[in-house]
Structures are given as C-alpha cells and as structure tokens.
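> Dropping a prediction and its sequence here:
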Amino acid sequence: MQLTVLGAGAWGTALAIQAAQRHPVTLWARDAEQAKALQAARRNDRYLPEVALPERLRVTADMDAALAAAELIVVASPMAGLRGLLAACPGEVPLLWLCKGFEAGTGRLGHEIARELGRRQVGVLSGPSFAQEVARGQATALVAASEWPAVAELAVRAFHGERLRVYTSTDPVGVEVGGAVKNVMAIATGVADGLREQAEAAQDWANAPGLNARAALLTRGLAEMTRLGVALGAKAESFLGLAGLGDLVLTATGDLSRNRKVGLLLAQGLALDEVLGRLGHVAEGVYSARTVLARGEALGLDLPITRTVVALLEGRLAPAQGLALLMNRDPRAEI
Ligand SMILES: NC(=O)C1=CN([C@@H]2O[C@H](COP(=O)(O)OP(=O)(O)OC[C@H]3O[C@@H](n4cnc5c(N)ncnc54)[C@H](O)[C@@H]3O)[C@@H](O)[C@H]2O)C=CC1
Ligand SMILES: O=C(CO)COP(=O)(O)O
C-alpha cells in the first residue's frame, strides 16, 4: 500500500519510519529546506534525531507529488494544521489524522472538522505512543477509530505488525476526546509532581502532593474525560481503552511527554511563554484546555481539574494555589 504522511514532526516521522518497513512511504514536510535536510542526512535532526530514515522512505516538500499515488493519507500535523491539510487532500483517498486536541478558535474535534468540510472515509489513529519509542521499534498498541469500518481496517493493514498492534474502534468521538483531555491532565500531573519535588527537598510534607495525590488526579481526570466524552456522544467504555486510560497513564506519568513537561516547568515558576520556548515541540494541552472547559460548561458539566489547569495557564493561579483549590472543594459522591 502506498502511504503518504503529511507532517514531518516527531510523530509523523516515527510512524513513517515504522510503516516504511512494509510499505512504500512518502513523508511530506511543509518546509522545503527541512525536506532537503532530511533527504540529505537521512535523519530528522530537528524533531527525532536519534533514528535513521529507512531506504524506502521518500521525503518531499511537494504536496502534489506526495499525494499523487497515495492509497492512504496520514495527517501528522498538530491540531492547528488539520483543517488546512484536510481541505488540501483529494476527497476520494481514505485519510487518518494523528493529532490530539480541539481546534483553537472553533473548539472542534477532528471528526467535526471533517464533517464540516464534507469529508468522508476518514478516521483517527490514537493511543499511548511516544514517537521516540515507536521509531525505535519498541512495543506499542494503538487504536484506529472511524465511523467507516474500512478506514480503521486500512489503518491495521498499514501499521499493524510485530512491534505495533493496532486495534479498531467505531467510536471516534471517544477516541478523540480521550486524546485531547489526557493532555490537559498531563499538565495537571506535571504541576503536582513538580510541586512534590520542591516540597520534598524542603521536607515540607504537607505541601508535597505525593503518589496518593497523583493516583487521585489520574482517577478524577479520567472521570472528567469520561463525563465530557459521554456528553459529546462517546461510549463510556472507550475511556477505559488505549486512547483513554492508556494514554492518560502514559502522558501524565511518562517523562517523554511534552504536556507533562509543561506542568513540571510551570511548577518551577516559569511563565508559559518561557515554557513553550523551551519545548521545541507542540504541547496540545496548552491550546485545548480552554476548549475542554468551554465545551464542558456549555453542556452544564463540572470539570474542576481542567478549570484549574486553565487558570494556571492563564497565570491567574499559582501552582500551589491550584492544589489547594482542588482539595478544598465541597465533598461529593464519587460517581
Ligand atoms: N510526539 C508524540 O509522541 C505524539 C504526538 N501526537 C500528536 O501528533 C501531533 C503532532 O505532534 P508531533 O509530531 O509530536 O509535533 P512536533 O512538534 O514534533 O512537530 C510538529 C510538525 O508539524 C508541523 N506544523 C506545525 N504547525 C503546522 C500547521 N499549522 N500546518 C501544518 N504543519 C504544521 C511542524 O512543521 C512540524 O513538522 C500532535 O497533535 C500531537 O499531540 C500523537 C501521538 C504521539
Ligand atoms: O500523545 C502522546 C503520547 O501518546 C504524546 O504526548 P505529549 O504530546 O505530551 O508528548
């Protein structure tokens, strides 16, 4: 199968490297200089420096050439690029996107953007998957979700192999809400873990959110994710799957996460601009947090962790105040 991956960031490059072991793959980079550098060095020095590009992987900045023979298109840009790339792709070729978030401005999920553009035969590929590990061939499980079962099956044909399991799902809403909300929860967990490191150093135990607090944040974060997802039409079971609990655990606790890193750096007292300057990669939770809150509020939902993350990102709350705010709410029933 001829595969075209649009976007040569960390994740697009990693999946292209994996797929190229079994299929001819074209990787499109939007910057001509970057495409030239990738072809010459056979390595993505900017976004994924440690893994070489296999022979079968062709890199180009020419979109028409990249799409010419595509049998499956994979959009690997951040959420901000999805609408433009969807609109630029031929409507008759099945398409998957990898981005995890809500579109800034419109507050839409990927499947809502596709519907708005009248695009059919599309789906999302998600789940717990740090690009670096996938590129190295370390065992990973993903989930491909689409309302068109043939699209999810195509994702299996393209990517399923010895080191990469691809499950299918008919719940794109659940898979997309999971991928978007876990990023917000990873920021919250990063803040808590950052506060713990500082308080532990001073043996200030009462102000050190420890392992108990982390487990509570993950569990209540899952509750928020599920609450929003179900209200948007998702199946509750999806949140116990790879794109829900699976990706929440990975991103909130794994130090390769950029969203978690945002939280860790905010806890050190850095301003958001400074944090983003240090990352060098996209951290979708920063852009999605407000939308998660707004869409939840529009549905009459209470999302206290998300609300706290938004206040932290907007600089209206200091990290330590965030923890106090969450702990001092009125008691309530768990479910
Ligand atoms: N890196 C990872 O481990 C994983 C990332 N993702 C998701 O995949 C998406 C992409 O992430 P990464 O590749 O890691 O990001 P990255 O920050 O490594 O690279 C982003 C790439 O997108 C391009 N880009 C940026 N804005 C764009 C726009 N408006 N239009 C077109 N292209 C644009 C950049 O030039 C760059 O090539 C994000 O939504 C992320 O949440 C999902 C799973 C794993
Ligand atoms: O989505 C991811 C892993 O599944 C990557 O998370 P970060 O964007 O936080 O690095």
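Okay, I see it. Ligands and ions are numbered 1, 2, ... in the order given.

> What helix or strand is whatever residue of the stretch 201-335 of the chain ends up closest to ligand 1 located in?
For the stretch 201-335 of the chain, the residue closest to ligand 1 is residue 281, as judged by Cβ to the nearest ligand atom, at 3.5 Å. Placement of C-beta: from N, CA and C, glycine included. According to DSSP states H and E, residue 281 maps onto no helix or strand at all.

> and the residue nearest the centre of the chain, what is it in contact with?
Closest residue to the average C-alpha location of the chain: residue 100 at 3.5 Å, with Cα atoms, centre = their mean. Taking Cβ atoms under 8 Å, 6 or more residues apart in numbering, we find residue 100 in contact with 79, 126, 176, 179, 180, 182, 183, 247, 284.

> Try it again at 7 Å.
Counting by Cβ atoms under 7 Å, 6 or more residues apart in numbering, residue 100 makes contact with 126, 179, 180, 183, 284.

> Would you tell me what helix or strand the third one is located in?
Mapping residue 180 onto the secondary structure by DSSP H and E places it in helix 172-201.

> Could you list the buried residues of that helix?
172-196, 198-199 (16 or more other Cβ atoms under 10 Å).

> what's the answer for stretch 228-246, then?
The neighbour-count check on stretch 228-246 (16+ other Cβ under 10 Å) flags 228-230, 232, 234, 238-239, 241-246 as buried.

> gap between the two ends of it?
Criterion Cα to Cα, to the nearest Å; first-to-last residue distance in stretch 228-246 is 17 Å.

> hmm, who's touching that stretch?
So stretch 228-246 is in contact with 126-128, 141-143, 167, 169, 171, 173-175, 177-179, 181, 222, 225-226, 292, 295-296, 299, 301, 303, going by Cβ under 7 Å, 6+ apart.

> Could I have the buried ones of those residues as PyMOL selection syntax?
Those of the contacts of stretch 228-246 that count as buried under 16+ other Cβ under 10 Å are selected in PyMOL with:
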select buried, resi 126+127+128+142+143+167+169+171+173+174+175+177+178+179+181+222+225+226+292+295+296+301+303
